[in-house]
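What would the 3D arrangement of this be:
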Amino acid sequence: MSGWFSALVARELRLALRVGGGALIGVLFFLAVVTVVPFGMGPDLNLLSRVGPAILWIGALLSTLLGLDRLFQADRDDGSLDLVLMAGRPMELVVLAKCLAHWVATGVPLVLAAPVLAVFLNLEPVAIGAVTLTLLVGTPALTLIGAIGAALTVSLRRGGLLLAVLVVPLAIPVLIFGVSAADAAISEPMPFMTPFLILCALSLISAVVGPVAAAAALRFSAD
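Prediction:
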C-alpha cells in the first residue's frame, strides 16, 4: 500500500509544481495581502505588531483557497477520477495523498515565507517563531478542510466562489486558535500550549474527517 501511496503523492506533487505554478501564486498572493494591509492601517508600528499574527493567518487562509478548486477538477475532466474509483483503491487514502501533495506545494512555501513577511509587520523574533510554528501545524488543517469543499463542488464548472463559502466557516476554528497561540507567545500571562495543542488536535481531526468526507462526496458525484 505504501508503494502506490508514495507514487501517487509524487505524481500529484509533480503536477502541482508543473501546472499553474500554485506555489508561486500562493506566495505572491500572501505577499500582496501582507504588504497591502499595513498601507490601509497607517504607520502605527505598535498596532501592526498586535494584529500581525492575524494578518499572516488570514493571508495564509486566502492563499490556500486559491488552488483548492483544482484539487479534483483536473482528474474529473480527464477521467482519471473515474479510473481511480473503478480501480478499487481506498478513496480516502487517494484524497489524503492529494491533500499531502497540495500542502507540500502550497502550504510549505507559505510557512517558509512567513518569517520574511513578518518583518513587514514589525513582529518580534519570538512572535515570528510562534506564527511560523502555528502555520506549520495549522495549514494542513486548512488544506484538509478545503478538500471537503473541493469534492462537493467538483461537478460544478465555476465552483470557486461556492467553495470559499463552504470552506471559510469550517476554517474559522483553525484561524481562531492559530492566532490565539501566536498572540499567547507575545502576551506573557496567556498560556501558549493550550491553544497550540487545540490547533494540533484540529489538524489531526481534519486528517481523519477530511479524507472520509471528501471521498464520500467524490463517490456521490461519480454516481
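
alpha carbons only for contacts and neighbour counts from here, please
Fine.

show me where this protein has helices.
2-18, 22-41, 45-66, 73-77, 80-87, 91-102, 108-118, 125-152, 160-186, 193-222 (DSSP state H).

how much does the second one deviate in direction from helix 45-66?
Yep, that's helix 22-41 we're talking about. Using axes from the mean of the first three to the mean of the last three C-alpha atoms, to 10 degrees, one finds that helix 22-41 and helix 45-66 are set 150 degrees apart in direction.

I'd like to know which elements helix 22-41 is packed against.
In terms of contacts (3 or more C-alpha pairs under 8 Å, 6 or more residues apart in numbering; DSSP states H and E), helix 22-41 is packed against helix 2-18, helix 45-66, helix 108-118.

what comes into contact with the first one?
Outside of helix 2-18, the residues within contact range by C-alpha atoms under 8 Å, 6 or more residues apart in numbering are 22-23, 93-94, 97-98, 100-102, 104-105.

let's see 10 Å
Residues outside helix 2-18 that contact it (C-alpha atoms under 10 Å, 6 or more residues apart in numbering): 21-24, 67, 70-71, 89, 93-94, 96-106.

and what of stretch 32-47?
26-29, 48, 52, 55-60, 62-63, 114, 117-118, 120-123.

what about 6 Å?
Outside of stretch 32-47, the residues within contact range by C-alpha atoms under 6 Å, 6 or more residues apart in numbering are residue 59.

Buried residues in it, which are they?
33-35, 38 (16 or more other C-alpha atoms under 10 Å).

now swap in stretch 214-223 and tell me
214-218.

repeat for stretch 45-61
Across stretch 45-61, burial judged by 16+ other C-alpha under 10 Å covers 48-50, 52-61.

cool, stretch 180-197 as well?
180-186, 192, 195-196.

for the record, mean pLDDT for that stretch?
For stretch 180-197, the mean per-residue pLDDT is 82.

Check the offset of it from the chain's centre.
Relative to its chain's centre, stretch 180-197 lies at 21 Å (C-alpha atoms, centre = their mean, to the nearest Å).

Okay, now that stretch: how far is its last residue from its first?
11 Å (C-alpha to C-alpha, to the nearest Å).

what does that stretch contact?
With C-alpha under 6 Å, 6+ apart, stretch 180-197 has contacts from 127, 130-131, 177.

Can I have the buried ones of these as a PyMOL selection?
Typed into PyMOL, the next command selects the buried ones out of those (criterion: 16+ other C-alpha under 10 Å):
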select buried, resi 127+130+131+177
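
So which of the contacts of stretch 180-197 is the closest to residue 76?
When these are compared for distance to residue 76 (C-alpha to C-alpha), residue 177 comes out closest, at 34.6 Å.

Look up how far residue 4 lies from the closest one.
Per C-alpha to C-alpha, residue 177 is found 35 Å from residue 4.

Measure how buried the residue nearest to residue 213 when sequence neighbours are not counted is and give me the count.
Nearest residue to residue 213, sequence neighbours excluded (C-alpha to C-alpha, 6 or more residues apart in numbering): residue 148, at 6.1 Å. Residue 148: 28 surrounding residues under other C-alpha atoms under 10 Å.

Reformat the helices and strands packed on helix 22-41 as a markdown table; add distance to residue 209.
Formatted as a markdown table, those follow (distance: least, C-alpha to C-alpha, whole Å):
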| stretch | distance to residue 209 |
| --- | --- |
| helix 2-18 | 19 |
| helix 45-66 | 19 |
| helix 108-118 | 22 |
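
Alright, that wraps it up for me.
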